[in-house]
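K.L.:
return a 3D structure for these sequence lines:
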Amino acid sequence: MRSEAKDLALHAAFSLAQSTAEDRVDALIRQGREDDDSEVRSQAWFWLAQTGARESEEAIRWALVNDEDDEVRKEAVFAMSQLPEERAVDALLAVLGNRQLRREVREQALFWLAQSDLERAYEYIDRLLPRAQ
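P.N.:
Below is the predicted model of the structure:
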């Protein structure tokens, strides 16, 4: 059973993303980094990406490297895929190129990259596939 505090924190993340308040991005970053609950942190990263704010990419990358919960890391990759498409592809390619990240996280990046309609994404995936004889 979810607690009232958790429900409130999840609602706050959504509300912040919809807000026009100047500090909304900072508040979502703080929630993503500091909340004790992994679901709340995951939702903070998702809603941060939905704001389209430039600083969201760096903050989400921070989660990929620093959050100890693998599910939060995977959700952070999904959040990256929700950035505006050019930025999303750049961010996902950076995740794929980072050999320090766990394989499962990089697999998520490849999955979400495959959902893109950008030619760069297709070209990257095409280079990974073996050539038919």
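
K.L.:
from now on I want contacts and neighbour counts done on CA atoms only, so please keep to that.
P.N.:
OK.

K.L.:
other SSEs contacting the strand or helix carrying W45?
P.N.:
Using DSSP states H and E, W45 sits within helix 38-51. With contacts taken as 3 or more C-alpha pairs under 8 Å, 6 or more residues apart in numbering; DSSP states H and E, helix 38-51 sits against helix 4-18, helix 24-34, helix 55-66, helix 70-81.

K.L.:
so who does I125 touch?
P.N.:
Taking C-alpha atoms under 8 Å, 6 or more residues apart in numbering, we find I125 in contact with A114.

K.L.:
may I have the secondary structure class of A88?
P.N.:
Secondary structure state of A88, per DSSP: H, G, I helix; E, B strand; the rest coil, is helix.

K.L.:
oh, I was asking about L96
P.N.:
Assignment for L96 (three-state DSSP): helix.

K.L.:
pretty sure it sits against Q108.
P.N.:
No: using C-alpha atoms under 8 Å as the test, L96 is too far from Q108 to be in contact (9.1 Å).

K.L.:
low-confidence stretches in the protein?
P.N.:
Applying pLDDT under 70 to the chain flags the ranges 1-2, 132-133.

K.L.:
any chance of the helices and strands packed on helix 38-51 in TSV, plus distance to R87 and mean neighbour count?
P.N.:
Formatted as TSV, these follow (distance: least, C-alpha to C-alpha, whole Å; neighbours: other C-alpha atoms under 10 Å):
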stretch	distance to R87	mean neighbour count
helix 4-18	18	16
helix 24-34	17	21
helix 55-66	8	18
helix 70-81	8	24
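
K.L.:
can you redo those as TSV with distance to R127?
P.N.:
Shown next, in TSV, are the helices and strands packed on helix 38-51 (distance: least, C-alpha to C-alpha, whole Å):
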stretch	distance to R127
helix 4-18	37
helix 24-34	34
helix 55-66	25
helix 70-81	20
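
K.L.:
looking at these, which is closest to L101?
P.N.:
Evaluated over those, closeness to L101 peaks at helix 55-66, with 7.0 Å, by C-alpha to C-alpha.

K.L.:
chain center to that closest one: distance?
P.N.:
Relative to its chain's centre, helix 55-66 lies at 8 Å (C-alpha atoms, centre = their mean, to the nearest Å).

K.L.:
hey, C-alpha coordinates of that helix in PDB?
P.N.:
What follows is helix 55-66, C-alpha atoms only, in PDB (Å, rounded to 0.1, in the frame of the first residue of the first chain):
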ATOM      1  CA  GLU A  55      19.600  21.400 -17.800                       C
ATOM      2  CA  SER A  56      17.400  18.300 -17.600                       C
ATOM      3  CA  GLU A  57      19.800  16.200 -19.700                       C
ATOM      4  CA  GLU A  58      22.800  16.800 -17.400                       C
ATOM      5  CA  ALA A  59      20.600  16.000 -14.300                       C
ATOM      6  CA  ILE A  60      19.300  12.800 -15.800                       C
ATOM      7  CA  ARG A  61      22.800  11.800 -16.800                       C
ATOM      8  CA  TRP A  62      23.700  12.300 -13.100                       C
ATOM      9  CA  ALA A  63      21.000   9.800 -12.200                       C
ATOM     10  CA  LEU A  64      22.400   7.200 -14.600                       C
ATOM     11  CA  VAL A  65      25.800   7.300 -12.900                       C
ATOM     12  CA  ASN A  66      24.900   8.000  -9.300                       C
END
